[in-house]
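A.B. asks: Predicted model and sequence below, questions to follow.
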Amino acid sequence: MSPSTEELRTHVAATLQRGRARTTALTEVDEHELTTQHSPLMSPLIWDLAHIGNQEELWLVRDVGGREPVRADIDELYDAFKHSRSSRPGLPLLNPAEARGYVGTVRDKVFDVLEASSFSGNPLEDNAFAFGMIAQHEQQHAETMLATHQLRRGEPVLHAATPAPATRALPPEVIVPAGEFTMGTSTEPWALDNERSAHQVHLPAFAIDTTPVTNEQYQEFIADDGYGRREWWSAAGWEHRLQAELGAPQFWQRADDGSWWRRRFGHLEAVPPREPVMHVCFYEAEAYARWAGKRLPTEAEWEKAARFDPASGRSRRFPWGDDDPTPEHANLGQRHLRPAAVGSYSAGASALGVHQLIGDVWEWCSSGFHPYPGFAVFPYAEYSQVFFGGDYRTLRGGSFGTDEVVARSTFRNWDHPIRRQIFAGFRCARDLSPSEAG
Ligand SMILES: [Fe+2]
């Protein structure tokens with residue numbers, strides 16, 4: 001049942017406020033930390049902050065609201081397509097006080113626009129789409145800013161509770177039966193253009209890991225000289241491994257006694273064996289899978305494992321059903337600043353019995369980033385279309401750093417196969433042998 005106009009208004013307001021609370025928490029650091037570029041891969045935090053406000057101004061204040069610009073003079077500075085991340089510290093950016101004032105002014109106007117909107121009459125306003133798009137944009141930057149925090153050096157500044165210990169021992173794999181399923185969505189109101197439309201996909205039967213690959217499993221790959229053996233790596237992967245001198249996940253280091261440690265938001269700690277491995281690039285995930293006698297799942301396989309309900313034959317909104325996520329379903333929203341051990345969140349398992357698909361770590365898939373059949377740009381080509389067909393690999397399911405407004409089962413993320421600063425891990429899949437396939 002679709003919500004009433006007032007219910008939708010309340011939901012939009014709460015969603016925008018949740019995003020702003022997170023942005024504020026991630027930017028409550030001193031001026032030096034805000035304006036420093038902690039890695040050439042990332043913007044200074046102060047760029048993200050004003051960029052969040054600028055996108056909100058462009059879409060909600062000017063387009064939806066039809067209001068006068070707040071700061072038309074800064075549009076160019078905060079256009080992500082005009083300036084590479086590495087060049088952003090050299091721009092005449094708003095200082096921290098100006099940036100905070102700017103995002104606050106924009107937000108006040110957005111609440112006026114929200115109050116006046118009937119959520120109908122044009123595609124941007126129908127079902128509050130543009131508000132949802134901007135809420136997702138802020139939360140995606142909140143995850144990017146969290147990755148910047150992981151890259152910065154120095155004392156910890158972020159704090160969160162540790163996830164509850166895992167409660168379940170699970171079988172290693174689940175068999176997904178052959179057949180059609182519905183991939184993508186035509187009904188999710190805030191789904192972005194690349195998730196549309198719903199379409200039927202036929203897959204042969206396959207096996208998929210019940211949980212993401214753990215640190216303990218990944219250490220076996222390292223111990224078996226996985227980084228030294230060319231046969232596990234693709235040609236491009238091996239070339240990158242040599243050139244970047246990869247030998248372990250990013251942020252890992254080895255103690256003199258041979259034990260593995262990691263740096264996590266300023267803490268140095270022993271690598272927890274049962275947590276999903278993260279900060280590995282696509283090439284490392286691919287090499288591990290080959291070493292394990294498996295492969296990475298395609299995007300379609302991941303989505304079928306997550307959504308297909310064999311009892312009804314339909315695809316669910318989320319692995320657990322059609323209800324929005326709660327803290328019992330998945331590790332989302334930066335409630336914890338780490339993935340949870342495998343065997344956690346049993347309430348979030350899919351109908352087929354696959355666990356921890358949503359939250360914890362983004363999962364690398366073998367697929368490139370391509371449009372679904374009948375793809376139509378909405379509302380602008382720079383969201384998805386300009387990225388189709390690049391060297392990207394897709395990532396699914398969101399991480400502990402992803403907000404629920406983003407972490408749909410149909411949501412598609414993509415990145416270059418060499419990227420490791422994102423909160424990404426993976427699970428493996430494999431074809432069935434003739435006897436297993438029956
Ligand atoms: Fe952006």
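C.D. replies: Now that the structure is in, tell me what you want to look at.

A.B. asks: Next, count neighbours for Gln140.
C.D. replies: Number of residues near Gln140 (other Cβ atoms under 10 Å) recorded here: 17. Quick note: C-beta positions are derived from backbone N, CA and C, even for glycine.

A.B. asks: Find the helix or strand that it is a member of.
C.D. replies: Assigned by DSSP states H and E, Gln140 belongs to helix 129-151.

A.B. asks: Beyond that helix, next helix or strand please.
C.D. replies: Sequence-wise, the next helix or strand downstream of helix 129-151 (DSSP H and E) is strand 173-176.

A.B. asks: For the helix or strand that that following strand is followed by, buried residues please.
C.D. replies: Remark: after strand 173-176, the chain's next helix or strand is strand 179-183, criterion DSSP H and E. Residues of strand 179-183 classed as buried by neighbour count (16 or more other Cβ atoms under 10 Å): Phe181, Thr182, Met183.

A.B. asks: try stretch 94-103
C.D. replies: Residues Leu94, Pro96, Ala99, Arg100, Tyr102, Val103 are the ones in stretch 94-103 that count as buried (16+ other Cβ under 10 Å).

A.B. asks: And the residues you listed, which is closest to Ala351?
C.D. replies: Distance to Ala351, by Cβ to Cβ, is smallest for Val103 among these, at 41.4 Å.

A.B. asks: Please, which helix or strand holds that closest one?
C.D. replies: Counting by DSSP H and E, Val103 is part of helix 96-116.

A.B. asks: who does that helix touch, helix- and strand-wise?
C.D. replies: Under the contact definition 3 or more Cβ pairs under 8 Å, 6 or more residues apart in numbering; DSSP states H and E, helix 96-116 sits against helix 5-26, helix 31-35, helix 45-56.

A.B. asks: Give the other helices and strands that the longest one contacts.
C.D. replies: What that stands for is helix 5-26. Packing contacts for helix 5-26, counted by 3+ Cβ pairs under 8 Å, 6+ apart, involve helix 45-56, helix 96-116, helix 129-151.

A.B. asks: and it with helix 129-151, angle?
C.D. replies: 20 degrees (axes from the mean of the first three to the mean of the last three Cα atoms, to 10 degrees).

A.B. asks: Show me what stretch 51-62 is in contact with.
C.D. replies: Outside of stretch 51-62, the residues within contact range by Cβ atoms under 8 Å, 6 or more residues apart in numbering are 23, 43, 67, 69-71, 74-75, 78, 80, 99, 102-103, 106-107, 109-110, 113-114, 124, 130-131, 133-134, 137-138, 141.

A.B. asks: Turn the buried ones among these into a named PyMOL selection, would you?
C.D. replies: To isolate the buried members of the contacts of stretch 51-62 in PyMOL, using 16+ other Cβ under 10 Å:
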select buried, resi 23+43+70+71+74+78+99+102+103+106+107+109+110+113+114+124+130+131+133+134+137+138+141
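
A.B. asks: Count the residues that sit near the residue nearest to Asp126 when sequence neighbours are not counted.
C.D. replies: Distances taken as Cβ to Cβ, 6 or more residues apart in numbering place Ser120 nearest to Asp126, at 5.8 Å, with adjacent residues excluded. For Ser120, the count of nearby residues is 10 (other Cβ under 10 Å).

A.B. asks: shouldn't Ser120 be in contact with Ala128?
C.D. replies: No - between Ser120 and Ala128 there is no contact under Cβ atoms under 8 Å: 9.6 Å.

A.B. asks: got a list of what Asp48 touches?
C.D. replies: Thr27, His141, Thr144, Met145, Thr148.

A.B. asks: Any figure for the gap between the nearest residue to the fourth one once chain neighbours are set aside and Thr162?
C.D. replies: Read it as Met145. Leaving aside its sequence neighbours, Met145 sits nearest to Leu26 (Cβ to Cβ, 6+ apart; 4.4 Å). As judged by Cβ to Cβ, to the nearest Å, Leu26 and Thr162 stand 20 Å apart.
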